[in-house]
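> Show me how the following folds:
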Amino acid sequence: MAKALYRKYRPQTFDDVVGQSAISRILSRQVESGAPTHAYLFTGSRGTGKTSCAKIMAKAVNCEHPQQGSPCNECGICRGIDDGSVLDILEIDAASNNGVDDVRELRSDANFVPTSGKYRVYIIDEVHMLSISAFNALLKLLEEPPAHAIFILATTEVHKIPATILSRCQRYDFRRIDAGDIISRINHIAAGEGFSVTPGAAALIARLADGAMRDALSVLDLCRADTNEITEPAVALAAGLCNSDHLFSIFDMLIDGNGAELLNLTGELYRAGVDMRRLCNELCNHGRSLMLIKTVKQPERLIIEPAETIEKLRVQAERIGLSRVFEYMAAFEDAALKIARGGAGYSGVELMFVRLCAPPQADSVEGLLARIEALERALVSQDGQSAAIPAATQPVSPQVSPQPAVAPPADELVPDTSATPIEAKPSTCSEPADTTEPPKRPDEVPDTSPAAGPAIDPVISPSPETEPPVITASSASPTSADAGLPPEGSPFSEPKQLQTWPDVLKALQPINPMMHAVLDDSSAYIDGEYLLIDTNNAHFRELVKEGKRHRDTIRTAVMQVTGRLYKLGPYNRSKPAVAEADDPLNEFIKSNPSVNIIED
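So this is what the prediction gives:
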């Protein structure tokens, strides 16, 4: 009968143990000094070398010719331990011998002196499975052990061992084996056995092993039975996984919202025998790789993948935001947990994919985040031009000082200028001193806006020797050429009715149905950077006072239609406003304290 690879290549000396150099060094020095302790505790995850080190230790302390603390594996005692003829080494499985009677029998046997070597070594595997009474019986043996007895306890759940046992043992924590060490060991074994392993296949095996060398060699043994040229698809087929190309395709379909194709691919994987729980785990691991690429400067140190796969991950990471990655990973983890608890497997995964591909509810947080993400991508689209957000053309004059295009602060609802003029403060002249040519209309000025980003609102500095003139607001409708455009950029221009306001309300309906109903019979005007809403509905002010949500949805709908981000305010026909070049709201607040100002 052929031996399994993990048995055939079990370490025979401390130098052969992979990934546990510190523990191997300490144990070999204890053997070399001739002063081993009476009780050891080896703890760590599965397949990290606990039992292997225990057997090496048992041979080393009895070896006739130890070599630098390791057994020679050539003397009679070493060969006898390997073939089982030496009875001084006892390996006990505590999972099946966990009663107090089993420990009492062990105590009686420990009193006998060794027959061949210097020590009787007892290796108790899975010691955490002992009962409470068995632990109490073992405690007495560890308190007063025979001089010729050594106890090596091994466990994967050290938290289940009583503190009284822990305090009487030398504890050694075996860490998970690094993926690089596992890959090196796989290549070494493949060269010795005469078969080949591609880098992608070795990386996939190391990732599936999760730090356990025994698991890695078991998967390698399974793949070797099918072919002598082990590739990544061969490993995925043997382990019941989908290959990396399918993982990339699934994420591409999720990003594009292509639910029909995604369900077809899921059906193909299911018919091919792919385990749905492992598929969810692999998708979660793929999402982790995307998360690391978007957050870590050198993700290659944390991602166990070949260089070409990491490059493909970088390309895919550019197409998805970090919040969407978190959403996907949470859905994958939830589906895997439900399947593990006996939930629907295939249908549950299908339901998860349909939900992730469906567009988010417009009035939900996810929906708003998706809209904002789409707007951000449009703003940085190729050639600096936004396909979804048209930039409004702004007039240019010699007095304009362009400023960087930034989103305005939290919107301020300010009263609009009305049809009745008010008295301005005394001034030395009726108009600002300006010897330059008047501003030209947008169709008369060539476009000098920047190559990228939204349109820039010009800032006009008034003459320091004069004060702003009187503003007379008018509700006259603008011409068709100016429909939907902001005013000429000057704070002294008259409000212009927004002709595309019905389109704004249509865009507002799926985002905020309540606000759409309130503004059903309303109209809107544009005055500089302000959008002034004219409505007789008394609920409008109450809703916008509740919080930023209603104001943000209005601004989002306006931006979708006009491509501009405005401050909001009510159009007040009874109370006009005085505008200043600096801030048109400051003087108005001083002179009209009764105006109801709605702030964030």
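> Tell me, please, where in the stretch 501-600 of the chain the pLDDT is lower than the cut-off.
Along the stretch 501-600 of the chain, segments meeting pLDDT under 70 span 546-547, 573-600.
> Pop the domain breakdown of this protein in here.
Using automatic domain parsing, the domain parsing of the chain gives 5-175, 178-239, 255-358, 412-421+470-476+484-600.
> Endpoint to endpoint, the second one covers what distance?
End-to-end distance for domain 178-239: 20 Å, by C-alpha to C-alpha, to the nearest Å.
> The helix or strand containing residue 6: which residues count as buried?
Assigning secondary structure by DSSP states H and E places residue 6 in helix 5-8. Across helix 5-8, burial judged by 16 or more other C-beta atoms under 10 Å covers 5-6. (Each C-beta comes from the backbone N, C-alpha and C, glycine too.)
> Touching it from outside, list them.
Helix 5-8 is contacted from outside by 189, 193, 213-214, 217-218, 220-221, 224, using C-beta atoms under 8 Å, 6 or more residues apart in numbering.
> 6 Å instead, please
Helix 5-8 is touched from outside by 214, 217, 221, with contacts defined as C-beta atoms under 6 Å, 6 or more residues apart in numbering.
> ok, how many other residues are close to residue 158?
By the criterion of other C-beta atoms under 10 Å, residue 158 has 16 neighbours.
> Wait, it touches residue 42, no?
No. If you go by C-beta atoms under 6 Å, residue 158 and residue 42 don't touch, sitting 9.6 Å apart.
> For residue 246, which of the domains of the chain is the nearest?
Checking the domains of the chain against residue 246 by C-beta to C-beta gives domain 255-358 as the closest, at 6.6 Å.
> coming back round to it: which is the next helix or strand following the helix holding residue 6?
Elements were assigned by DSSP H and E; along the chain past helix 5-8, the next helix or strand is helix 21-33.
> Mind giving me the packing neighbours of that following helix?
Here helix 21-33 touches helix 50-62, going by 3 or more C-beta pairs under 6 Å, 6 or more residues apart in numbering; DSSP states H and E.
> what's the helix it packs on packed up against?
Counting by 3+ C-beta pairs under 6 Å, 6+ apart, helix 50-62 packs on helix 21-33, helix 76-83, strand 149-155.
> Flag every buried residue along the first one.
This points to helix 21-33. 23-24, 27-28, 30-31.
> I'd like the residues you listed as CSV, with distance to residue 5 and pLDDT appended.
Shown next, in CSV, are these (distance: C-beta to C-beta, whole Å; pLDDT from 0 to 100):
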residue, distance to residue 5, pLDDT
23, 23, 93
24, 21, 93
27, 25, 94
28, 25, 92
30, 30, 92
31, 28, 92
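> Which single one of these is nearest to residue 502?
residue 23 (75.2 Å).
> what about that closest one, distance to residue 56?
Here the criterion is C-beta to C-beta, to the nearest Å. By it, residue 23 lies 11 Å from residue 56.
> got the residue ranges for the strands in the stretch 501-600 of the chain?
For the stretch 501-600 of the chain, the strands defined by DSSP state E, counting those that start in this stretch cover 523-527, 530-534, 567-570.
> Give me the distance between the first one and the centre of its chain.
Think strand 523-527. Relative to its chain's centre, strand 523-527 lies at 43 Å (C-alpha atoms, centre = their mean, to the nearest Å).
> List the pairing partners of it within its sheet, with orientation.
Taking DSSP bridges as the criterion, strand 523-527 sits next to strand 496-497 (antiparallel), strand 530-534 (antiparallel) in its sheet.
> any weak-confidence spans in this protein?
Judged by pLDDT under 70, the stretches of the chain that qualify are 1, 360-367, 370, 377, 380-493, 546-547, 573-600.
> And the nearest residue to residue 174 once chain neighbours are set aside, how close does it get to residue 158?
Nearest residue to residue 174 in three dimensions, chain neighbours excluded: residue 44, at 3.0 Å (C-beta to C-beta, 6 or more residues apart in numbering). Using C-beta to C-beta, one gets 9 Å for the distance from residue 44 to residue 158.
> doesn't residue 206 make contact with residue 183?
Yes. Between residue 183 and residue 206 a contact is recorded at 5.2 Å, counting by C-beta under 6 Å.
> and those two? which has more neighbours close in?
With neighbours defined as other C-beta under 10 Å, residue 183 and residue 206 compare such that residue 206 has more, 25 against 20.
> How far away from the center of its chain is the helix or strand containing the more buried one?
Residue 206 is located in helix 199-209, with elements delineated by DSSP H and E. Its chain's C-alpha centre and that of helix 199-209 lie 22 Å apart, by C-alpha atoms, centre = their mean.
> And it, what's buried?
200-209.
> mind putting the domains of the chain in CSV, distance to residue 247 included?
Compiled in CSV, the domains of the chain are given as follows (distance: least, C-beta to C-beta, whole Å):
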stretch, distance to residue 247
domain 5-175, 25
domain 178-239, 10
domain 255-358, 5
domain 412-421+470-476+484-600, 33
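> closest to residue 557 among the buried residues of helix 199-209?
The closest of those to residue 557 turns out to be residue 207 (C-beta to C-beta; 46.3 Å).
> quick one, what contacts that closest one?
Contacts of residue 207 by C-beta under 6 Å, 6+ apart are residue 304.
> Mind doing that once more with 8 Å?
179, 285, 304-305.
> Next: residue 263.
Contacts of residue 263 (C-beta under 8 Å, 6+ apart): 350, 353-354.
> any idea how far it is from residue 352?
Using C-beta to C-beta, we find residue 263 at a distance of 11 Å from residue 352.
> all helices for the stretch 51-200 of the chain, in order.
With DSSP state H, counting those that start in this stretch as the criterion, the stretch 51-200 of the chain has helices at 76-83, 100-110, 132-143, 163-166, 179-193, 199-209.
> distance between the third one and the chain's centre?
Yep, that's helix 132-143 we're talking about. 47 Å.
> I'd like to know which elements it is packed against.
Packed against helix 132-143 by the contact rule (3 or more C-beta pairs under 8 Å, 6 or more residues apart in numbering; DSSP states H and E) you find helix 100-110, helix 163-166.
> Okay, angle between it and helix 100-110 too, please.
Orientation of helix 132-143 against helix 100-110 (axes from the mean of the first three to the mean of the last three C-alpha atoms, to 10 degrees) gives an angle of 20 degrees.
> any residues touching helix 132-143, and which ones?
38-39, 98-100, 102-104, 106-107, 110, 130, 151, 161-162, 164-165, 168-169.
> could you check the angle strand 149-155 makes with it?
Between helix 132-143 and strand 149-155, the angle comes out at 140 degrees (the same axes, to 10 degrees).
> Name the residues of helix 132-143 that come out as buried.
Buried-residue list, helix 132-143, by 16+ other C-beta under 10 Å: 134-135, 137-138, 141-142.
> What lies in contact with stretch 188-199?
Outside stretch 188-199, the residues that touch it by C-beta under 8 Å, 6+ apart are 5, 9, 186-187, 205, 217, 220, 224, 227-232, 306.
> could you dump the strands paired with strand 523-527 to a markdown table with mean neighbour count?
Formatted as a markdown table, those follow (neighbours: other C-beta atoms under 10 Å):
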| stretch | mean neighbour count |
| --- | --- |
| strand 496-497 | 21 |
| strand 530-534 | 24 |
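> Quick check: residue 46 touching residue 155?
No. Contact status for residue 46 versus residue 155: not in contact, 10.8 Å apart, counting by C-beta atoms under 8 Å.
> which of those two has more neighbours?
Higher neighbour count among residue 46 and residue 155: residue 155, with 21 against 14, using other C-beta under 10 Å.
> Can you say which of the helices of the stretch 51-200 of the chain is nearest to residue 252?
helix 199-209 (19.6 Å).
> Just the C-alpha atoms of that closest one, please, in PDB.
C-alpha atoms of helix 199-209 as PDB (Å, rounded to 0.1, in the frame of the first residue of the first chain):
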ATOM      1  CA  PRO A 199       3.000  28.400  -9.500                       C
ATOM      2  CA  GLY A 200      -0.700  29.100  -9.600                       C
ATOM      3  CA  ALA A 201      -1.600  25.600  -8.500                       C
ATOM      4  CA  ALA A 202       0.900  25.800  -5.600                       C
ATOM      5  CA  ALA A 203      -0.500  29.200  -4.500                       C
ATOM      6  CA  LEU A 204      -4.000  27.800  -4.600                       C
ATOM      7  CA  ILE A 205      -3.100  24.800  -2.500                       C
ATOM      8  CA  ALA A 206      -1.300  27.000   0.000                       C
ATOM      9  CA  ARG A 207      -4.400  29.200   0.300                       C
ATOM     10  CA  LEU A 208      -6.700  26.200   0.700                       C
ATOM     11  CA  ALA A 209      -4.400  24.700   3.400                       C
END
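> Perfect, that will be all.
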